[in-house]
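# build me a model:
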Amino acid sequence: MAARESRQSSFGGCSFVKTSPAHDRLAASTQVVNLVVPFEDALKLNIAIDEAVRRLNSARQRVRGGKRAALNLTIHFHTERITVSETRAER
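Take a look at the predicted model:
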C-alpha cells in the first residue's frame, strides 16, 4: 500500500457506503474497485470535482507548465470518504 499523502487543502469530498469487493477482501491483484456513493454525497463529489477543475483550468491559463496540473481523488477506506485535491501530474 502506498504511503499516505498529506494535502494542504481539498475542494471537498463525500462519503461512500460500500465497496465491491469488500475492503477486507482487496488484494494486490485487485484491478477494479466499485464505490457506492449515495445521491446526496454524489452531488457533493460533483461540486468538489467541478471546483477543482475550474481551479486547474484557471491555473493552466496563467502559469507556464499548467498542463501538468492534475486532480487527485483520494479514497480513505478507514473513514469511507473520498476527497478531491489538486496535484501535479508526472511527465
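
# find me the pLDDT at the most centrally placed residue in the chain, would you?
Geometric centre of the chain, nearest residue: Leu73, 1.1 Å, by C-alpha atoms, centre = their mean. For Leu73, the pLDDT comes out at 92.

# begin at 41 from here
From this message on, residue numbering opens at 41, which makes the last subject Leu113.

# got phi/psi on it?
Backbone torsions of Leu113, given as degrees, to the nearest 10, read phi -100, psi 120.

# hey, what's it bridged with?
Val124 (DSSP bridges).

# could I have stretch 118-131 exported to CSV, CA atoms only?
Extracted C-alpha coordinates of stretch 118-131, given in CSV (Å, rounded to 0.1, in the frame of the first residue of the first chain):
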residue,chain,number,x,y,z
HIS,A,118,-10.8,3.7,7.0
THR,A,119,-13.3,6.6,7.1
GLU,A,120,-15.2,5.6,4.0
ARG,A,121,-14.6,9.1,2.4
ILE,A,122,-13.4,10.4,-0.9
THR,A,123,-11.6,13.8,-1.1
VAL,A,124,-10.7,15.9,-4.1
SER,A,125,-7.5,17.9,-4.2
GLU,A,126,-5.0,19.5,-6.6
THR,A,127,-1.7,17.9,-7.6
ARG,A,128,0.9,17.9,-10.4
ALA,A,129,1.0,15.1,-13.0
GLU,A,130,4.2,13.2,-13.6
ARG,A,131,5.6,13.6,-17.1
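
# what does that stretch rub up against?
47, 49-57, 75, 77, 85, 88-89, 91-92, 95-96, 99, 108-116 (C-beta atoms under 8 Å, 6 or more residues apart in numbering). Placement of C-beta: from N, CA and C, glycine included.

# buried subset of those as a ChimeraX selection?
Applied in ChimeraX, the following selects the buried portion of the contacts of stretch 118-131 according to 16 or more other C-beta atoms under 10 Å:
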select :50,51,52,53,54,56,77,85,88,89,92,96,109,111,112
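
# do you know how far the residue nearest to the centre of the chain is from Gly106?
20 Å (C-beta to C-beta, to the nearest Å).

# got it, and His116?
Counting by C-beta to C-beta - His116 and Gly106 are separated by 28 Å.

# also Phe79?
Using C-beta to C-beta, Phe79 is found at 34 Å from Gly106.
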